[in-house]
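Novice: Fold the following, please.
(chains A and B, ligands or ions: 2)
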Amino acid sequence: MGKGEVAVGQESRANENFDGASRIEARIGALLGDCIQVFRAFSELAELAENLRILSLNAELAAGRAGDKGRAVRALTQYTRELVNRLAQVQTETAGLMSHTYGLTAAILREHHQHALIERAVGAITAGSGTMADSASRRLEEASVAMTGTLARSVERMVEYIERMSARTRAVAEVVSASDSIATNIAIEAVGAGLHEAEFRTVADTMRRYVEELRTIMEQAGAAVRSAVDKGVALQRINRSGRMPAARQGVLEA
Amino acid sequence: MKCVTMFRQGSHRWLAVTGDPGSGGKAVDTNQFVVAAGNSGMLLDPGGIEVFPAALSALTQEIDIDDIHYILLSHQDPDVGSALPLWRRVCRPDVTLLVSSLWTGFYAHVDAAAEITPIPDEGTRVKLGEDVTLQLVPAHYLHSAGNFHVYDPEARILFSGDVGAALLPKQALDTFYVTDFAHHIPYMEGFHRRWMGSPAARDAWVSLVSRLDVKVMAPQHGLAMRGDDVKRFLDWFAKLELGSGVAAMRAER
Ligand SMILES: [Fe+2]
Ligand SMILES: [Fe+2]
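Specialist: Ligands and ions are numbered 1, 2, ... in the order given. Alright, predicted model coming up:
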């Protein structure tokens, strides 16, 4: 094979990698889109948690006024506040996760673009007639290996973030289910509460409305998380298939 | 892109990497320069990130990348140094990065890991090999607030950054030097009127450069000027009305 043929082969390899890289960039962009959906859903939690907290305070006052007939409702409202705290905790954790995810995505996209340009330079140098290119070629090769390694690790980290988002979604789903049964129990207590029946029923109905809103939010977040998991797994597969060889360096700074 | 040898005397060389980098016509064309002497060289304004593959390939036809000991960033613009993280990947690990002290913190947005040596406002000198000392001369406010040009008294070449820059049609880039100064003026005029804002800085710069013995003036965009065209440029620039953008702020709204 003549020198020219090698050069053409190398150049087309670089172009192929560049096209492949832009496809990967598109996948990462879509993955970020899913994550944004999840974060948007979680951002609505704060207001709902606050509404739920105020409702539980009002319900507790009503339970106090009902005396003995309100004892069970009072216990239920205390449990509601625990759930509210759990929601607030999920929200705080998600805020940290969100800034890490944005930082990591930006770093991955930047590194990917730079890697594509390094590959292009490899192609350009091989296609050119440079006689002084040995050091540059060696360093480009080293850079390429290091960058693919960093990228591989970063994709793994991204998948880890998505798994954490998924866990938060499950935590909120548990709150939804617990709140739902609290609402049902308050409605049952309302039946025997005599004068306070209407008041307790209103609490139960309002709580059910909040539970419905929570459920809608979590369905949206859940769908986005599932979609993100699929994309993350696909990226991992590309990564493990050798397009992004084994990690050598640390994860990209998020 | 091609690599042109502008000057050669023993191991002392000026190389220019010019021409369309194939960035699809969106990015403004830039010239990248290397001054080398002995086994030591300085890369002047390495260029934008999209230019990197073509520029590196062209450069390595003439020089070993290990001979680049310094990278000068004349100012902060993306066409000057957004490829910095990539050049650092291929250059020797101890390459010295030079930029105005105004911009060191700003370059961290381009390349957070880069260790940058700040150039003080008055400029500095850098020795290449045994016999060549480059002068990093201040050109502040032309157009950037922290801006340096490079003068080589041996070769009598001045790298003038955006001063003397011309925005040319692609076919005009086939030549390297201006051949008809009067014909070249329209390609420079709008750019200098709009991008250069300070007559005081311009006057100081013209005075400074007039005291140097400049045979060739090589800007970051467009064509280089040599011989009498350098003097023609200084005379033309000295009289040019600058700061055309100010009119937009005076306009009635
Ligand atoms: Fe500029
Ligand atoms: Fe420029």
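Novice: surely A:V155 meets A:R237?
Specialist: No: using Cβ atoms under 8 Å, A:V155 is not in contact with A:R237, being 10.1 Å away. Where C-beta positions appear, they are placed from N, C-alpha and C, glycine not excepted.
Novice: which neighbours do these two share?
Specialist: In terms of Cβ atoms under 8 Å, 6 or more residues apart in numbering or on different chains, A:V155 and A:R237 are not both contacted by any residue.
Novice: show me what contacts the spatially closest residue to B:P199 that is not a sequence neighbour?
Specialist: Closest residue to B:P199 apart from its sequence neighbours, by Cβ to Cβ, 6 or more residues apart in numbering or on different chains: B:L242 at 5.5 Å. B:L242 sits next to B:H192, B:R193, B:M196, B:G197, B:S198, B:P199, B:R202 when contact means Cβ under 8 Å, 6+ apart.
Novice: Just after the host helix or strand of the last one, pick out the following helix or strand.
Specialist: Going back to what we said before, that points to B:R202. Taking DSSP states H and E as the criterion, B:R202 maps to helix B:199-210. Using DSSP H and E, the next helix or strand after helix B:199-210 towards the C-terminus is strand B:216-218.
Novice: Now do B:L167 against B:D20, distance only.
Specialist: According to Cβ to Cβ, to the nearest Å, B:L167 and B:D20 sit 14 Å apart.
Novice: hmm, I was thinking of B:L128
Specialist: Between B:L128 and B:D20 the distance is 29 Å, computed by Cβ to Cβ.
Novice: for the record, mean pLDDT for stretch B:63-79?
Specialist: Summarised as a single mean, pLDDT over stretch B:63-79 is 97.
Novice: End to end on it, go ahead and measure it.
Specialist: The stretch stretch B:63-79 measures 22 Å between its terminal residues, going by Cα to Cα, to the nearest Å.
Novice: ok, and for that stretch, which residues are buried?
Specialist: Within stretch B:63-79, the residues that qualify as buried by neighbour count (16 or more other Cβ atoms under 10 Å in any protein chain shown) are B:63-77, B:79.
Novice: from the chain's centre, how far out does that stretch sit?
Specialist: Mean C-alpha position of stretch B:63-79 versus that of the full chain (Cα atoms, centre = their mean, to the nearest Å) differs by 10 Å.
Novice: That one close to ligand 1?
Specialist: Yes: with Cβ under 5 Å from the ion as the criterion, ligand 1 is reached by stretch B:63-79 at B:D77.
Novice: Quick check: which element contains A:V225?
Specialist: When secondary structure is defined by DSSP H and E, A:V225 falls within helix A:197-238.
Novice: where does the chain have low pLDDT?
Specialist: By default, I'm working from chain A. Chain A contains residues with pLDDT under 70 at A:1-22, A:242-254.
Novice: switch to chain B, that's the one I care about
Specialist: For chain B, the ranges with pLDDT under 70 are B:21-24.
Novice: Run through the residues of chain A sitting next to chain B.
Specialist: A:113-114, A:117-118, A:120-121, A:123-125, A:127-136, A:139-140, A:143, A:253 (Cβ under 8 Å from any Cβ of the partner chain).
Novice: List only those of those residues flagged as buried.
Specialist: Buried members of the residues of chain A next to chain B, scored by 16+ other Cβ under 10 Å, are A:113-114, A:117-118, A:120-121, A:123-125, A:127-128, A:130, A:133, A:135-136, A:139-140, A:143.
Novice: In helices only, show me the residues you listed.
Specialist: Secondary-structure check on these using DSSP state H: residues within helices are A:113-114, A:117-118, A:120-121, A:123-125, A:127, A:135-136, A:139-140, A:143.
Novice: Widest-spaced pair of those?
Specialist: In those, two members sit farther apart than any others by Cβ to Cβ. They are A:H113 and A:S135, at 23.9 Å.
Novice: Nothing else from me, thank you.
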